[in-house]
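Enquirer: how does the following fold in three dimensions:
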Amino acid sequence: MIIVRWASQSIRRSPKKRRVTRSAVFRRGTQCSLARLSAVVTLAAVGVLKKRFAAWSLLFVVCWVNLVSYVPWRRDAHLGAGGDAVEYFQMSQRTFAPVDNPFALRVLSPWLVHTGHRLTGLSPDTVWIALTFTATLASVIVLHELLRRRFAVSGFVAVVVASMLACTFWYAPYLFGNPWLVDPLNNLFIVLGLWLAFSGRLGWFTAVVVIGSVNKETMLLLAPLYPLLALTRSRRVTREVLLGTAAVAFAACAYFAFRTWAIARIGADYNLGTGQANHSLVDNIRFAISTAQGRDHLAIWSVLSFTWLIWLVGLHHLRRTGAGHPLIPTSAWTLLTCLLGRLMATDTERVFTMMVPIVLIVVAVTLDTLQSPWHRPWIVLLAALYTAIQLRWTSATLPMEALALLIFTALFTPWHRLRHSTPPGAISPPIPTQDREPQHDHA
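Expert: As a prediction, this is how the structure comes out:
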């Protein structure tokens, strides 16, 4: 009897023991998998940092020096703000404040500042400065990685051009001196969007466009770039082109849904495409154009100075190597976007900062064809002249621009050197499917 009772109890207990054992095995397996994943991610991060530490450190120093040189460090610095910065600062105190249109619907940056102030206890001015610096530094580093991974640009040229981006007045120093704007985060979204469009990552590209439109609605103008690149690459309507077009429609619908919800939260009535007076779209265009009559030419030139001409030469070369290169349609679409945006915005320079990343990418690809060590001092001199012009170190900008163009002309004369000096892999084929490291010059 004792043996039978013991056997029956064992049979009743055994399923429970097996269930516990399976659960324990599952937990241990999950923990091991997470541990392996964490180890892989950590090793990958350490590998990237080891390879990029010197370049990223240099870019950090450049951005930090510009921040210290331009940022208003005084207490309650926002009292000296003007223009739309006043509206954004009010929104950082109350996210859905009924400020003027269209600033009231650009809520992402003010909400981040409001949340940072609430969580850290730091003053709103301090959080605005931290957000501006972080977003600008991230934009510079993303451009550097974009040049290295997507276009196989040498480390030397990538660092030089990324430093030029950090010293472009309307892209970084101006924002450091006026840190209550949504532009720094918008610039970061644009560079990320370019990288994802070149990489063919539609899902992430759409997510960046949708989230970026909550910060500034101009991000929606970047959405058609993906199907345009897909159409340029395939030369016919493919599944990728249709998916990209559907993504454009999705981004537009998502923004209009957000717009409806935000207007209800604000309790105001903002007409689409109108300015601060909330009049018609035609009135907004008429007002925007009349504010800068006779100065748009110099305003556009001042954004990038002599690099505009290097950009045109680079595009001419890329067209000769193959009309399907992604930088050609991207440059055309971005320029068209800026021209359309100027019709509804009064600050010409801030509108055309959207062109800065794509122009400097073409400049980097063009300068990267100069592989001789003898060329490096001249490339550095070009970057130094660009920095001096952008940071207003001297009022004699015209002689400096002429000298820079003379150096560039001498480097690329005769013109066929630009074609024959390009090493294999220096210019990427149209939108490869995976990121890659450059195969030359890891300096």
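
Enquirer: would you mind measuring from the residue most central in space within the chain to residue 358?
Expert: Relative to the mean C-alpha position of the chain, the nearest C-alpha, by Cα atoms, centre = their mean, is the one of residue 191, at 2.2 Å. Distance from residue 191 to residue 358, counting by Cβ to Cβ, to the nearest Å: 9 Å. Where you see a C-beta, it was placed from the backbone N, CA and C, and this is true even at glycine.

Enquirer: what touches both of those two?
Expert: Counting by Cβ atoms under 8 Å, 6 or more residues apart in numbering, no residue touches both residue 191 and residue 358.

Enquirer: what's the pLDDT at the residue nearest to the centre of the chain?
Expert: Confidence per residue is given as pLDDT, and for residue 191 that number is 96.

Enquirer: same question for residue 238.
Expert: For residue 238, the model assigns a pLDDT of 87.

Enquirer: ok, it touching residue 230?
Expert: Yes - counting by Cβ atoms under 8 Å, a contact exists between residue 238 and residue 230, whose distance comes to 6.7 Å.

Enquirer: can you pick out the residue with more neighbours from those two?
Expert: Ranked by neighbour count (other Cβ atoms under 10 Å), residue 238 and residue 230 place residue 230 first, with 22 against 14.

Enquirer: for the helix or strand containing residue 128, buried residues please.
Expert: Under DSSP states H and E, the secondary-structure element containing residue 128 is helix 124-149. Neighbour-count burial for helix 124-149 flags 124-133, 135-149 (criterion: 16 or more other Cβ atoms under 10 Å).

Enquirer: could you do stretch 376-385 as well?
Expert: With burial defined by 16+ other Cβ under 10 Å, the residues of stretch 376-385 counted as buried are 376, 378-379, 382-385.

Enquirer: rewinding a little: now do the helix holding residue 128, average pLDDT.
Expert: Averaged across helix 124-149, pLDDT comes to 95.

Enquirer: ditto for stretch 210-226
Expert: In this model, stretch 210-226 has a mean pLDDT of 93.

Enquirer: centre of the chain to stretch 187-207, how far?
Expert: 8 Å (Cα atoms, centre = their mean, to the nearest Å).

Enquirer: output that stretch in PDB with nothing but the alpha carbons.
Expert: Written as PDB, here are the backbone C-alpha positions of stretch 187-207 (Å, rounded to 0.1, in the frame of the first residue of the first chain):
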ATOM      1  CA  ASN A 187      17.900  70.000 -39.700                       C
ATOM      2  CA  LEU A 188      18.500  66.700 -38.000                       C
ATOM      3  CA  PHE A 189      15.400  65.200 -39.400                       C
ATOM      4  CA  ILE A 190      16.300  66.300 -42.900                       C
ATOM      5  CA  VAL A 191      19.800  64.700 -42.700                       C
ATOM      6  CA  LEU A 192      18.300  61.500 -41.300                       C
ATOM      7  CA  GLY A 193      15.700  61.600 -44.100                       C
ATOM      8  CA  LEU A 194      18.300  61.900 -46.800                       C
ATOM      9  CA  TRP A 195      20.300  59.000 -45.400                       C
ATOM     10  CA  LEU A 196      17.200  56.700 -45.200                       C
ATOM     11  CA  ALA A 197      16.100  57.800 -48.700                       C
ATOM     12  CA  PHE A 198      19.500  56.900 -50.100                       C
ATOM     13  CA  SER A 199      19.400  53.600 -48.200                       C
ATOM     14  CA  GLY A 200      16.000  52.600 -49.500                       C
ATOM     15  CA  ARG A 201      14.500  52.200 -46.000                       C
ATOM     16  CA  LEU A 202      11.000  53.300 -46.600                       C
ATOM     17  CA  GLY A 203       9.500  52.500 -43.200                       C
ATOM     18  CA  TRP A 204      12.100  54.500 -41.300                       C
ATOM     19  CA  PHE A 205      12.000  57.300 -43.900                       C
ATOM     20  CA  THR A 206       8.200  57.600 -43.500                       C
ATOM     21  CA  ALA A 207       8.500  57.600 -39.700                       C
END
